[in-house]
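In: predicted model and sequence below, questions to follow.
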Amino acid sequence: MSRSDTAHASPSEATRPSSRDPHSLVGQVAIVTGASSGIGHAAAKALAKAGASVLVNHPPTAGSMEKAAAVVAEIKADGGVAAALGADVSKEEQVDAMVRETLRLFGGLDIMVANAGIERPAPIHEMSLSQWQAVIDVNLTGAFLSARAAAREFLRRGPQPNLSLAAGKIVFTSSVHEFIPWAFQANYAASKGGMMLLMKSMAQELAPMKIRVNSVAPGAIRTPINAASRDTQAEMEDLLSLIPYGRLGEPEDIGRTVAWLASDASDYVTGTSLVIDGGMSLYPAFRGAG
């Protein structure tokens, strides 16, 4: 039975929503952008573990291609289904082509994880226009293009009640810097602040069509993008002093939350940014200072 047949099967031929494991993503298809490393890697693995077929997107560069292939190999070794595809998420035609290829490979699309992100830090008076635009183009415009392409497909296809209670799920990877200012990273903070209102605006608009839109907002996570802040023991201690829970987050902490947001277990959650930061945004420097 094809995916299309399953989606339109009678209750006697397919799993009834009432009896389906709400955490299961079996039969569903996900795209994870920027999935060749870090949080994207962990999200792709968590979605595949829950049963989804996963398109592992990566930047169209040689090093990223090899990393994405390794992610696919890990998923397949665990019994999952995945394929890798290079696409620059800041380019409209490449994002649209990525969705078309996903439909060709897997027969559908149910989940979009707009995760791709970069940093280009600089003092504001020295930040070049190219540094500003590079971050905005990937982090914010890339998220918009990915989410828009997914929403168009969800609306074209309509609900698939034997697969999911929602007609489609979009999850953005934001940051605690959607609300915490970040000196020397104005471009990054602006991209995440913009993403927060993009997510909420899309959620408000698409909820009547049963499309859910949410974000995860990680704090300090052990990924390549922030490796420089952990170069020395002193830097690590400074970083941990900002985290009441006393440890760095791991990519898997975020990946598991992404899988939950993509599942029926979170069906009543939309327009929400889930902060996953070990208490960093509680401003621990103020503890006892009142």
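Out: On my side now, so go ahead. Model, not experiment: these values are computed from the prediction. Numbers count the residues shown, from 1 in each chain.

In: M209: neighbour count?
Out: By the criterion of other C-beta atoms under 10 Å, M209 has 14 neighbours. In this view, the C-beta of every residue, glycine as well, is placed from N, C-alpha and C.

In: for the closest residue to D137 other than its chain neighbours, phi and psi?
Out: Spatial nearest neighbour of D137, excluding adjacent residues (C-beta to C-beta, 6 or more residues apart in numbering): S90 at 4.0 Å. Backbone torsions for S90, taken as degrees, to the nearest 10, come to phi -80, psi 0.

In: wait, doesn't S90 sit right on T141?
Out: Yes: at 5.5 Å, S90 counts as touching T141 under the criterion of C-beta atoms under 8 Å.

In: thinking W182 is in contact with Y188, fair?
Out: Yes: using C-beta under 8 Å, W182 is in contact with Y188, at 6.3 Å.

In: who's more crowded, these two?
Out: Taking neighbours as other C-beta under 10 Å, W182 and Y188 compare with Y188 leading, 21 against 16.

In: low-confidence regions, the protein specifically.
Out: Judged by pLDDT under 70, the chain has its weakly predicted residues at 1-18, 225-226, 228-230, 290.

In: mind naming the longest helix for it?
Out: As assigned by DSSP state H, the longest helix anywhere in the chain is helix 186-206.

In: and that helix, how far out from the chain's middle?
Out: Centre-to-centre, helix 186-206 and its host chain are 13 Å apart (C-alpha atoms, centre = their mean, to the nearest Å).

In: which strands and helices lie in contact with that helix?
Out: helix 129-135, helix 142-157, strand 168-173, strand 211-218 (3 or more C-beta pairs under 8 Å, 6 or more residues apart in numbering; DSSP states H and E).

In: reformat these into JSON lines and put distance to G278 next to each item.
Out: Formatted as JSON lines, the helices and strands packed on helix 186-206 follow (distance: least, C-beta to C-beta, whole Å):
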{"stretch": "helix 129-135", "distance to G278": "25"}
{"stretch": "helix 142-157", "distance to G278": "24"}
{"stretch": "strand 168-173", "distance to G278": "17"}
{"stretch": "strand 211-218", "distance to G278": "10"}
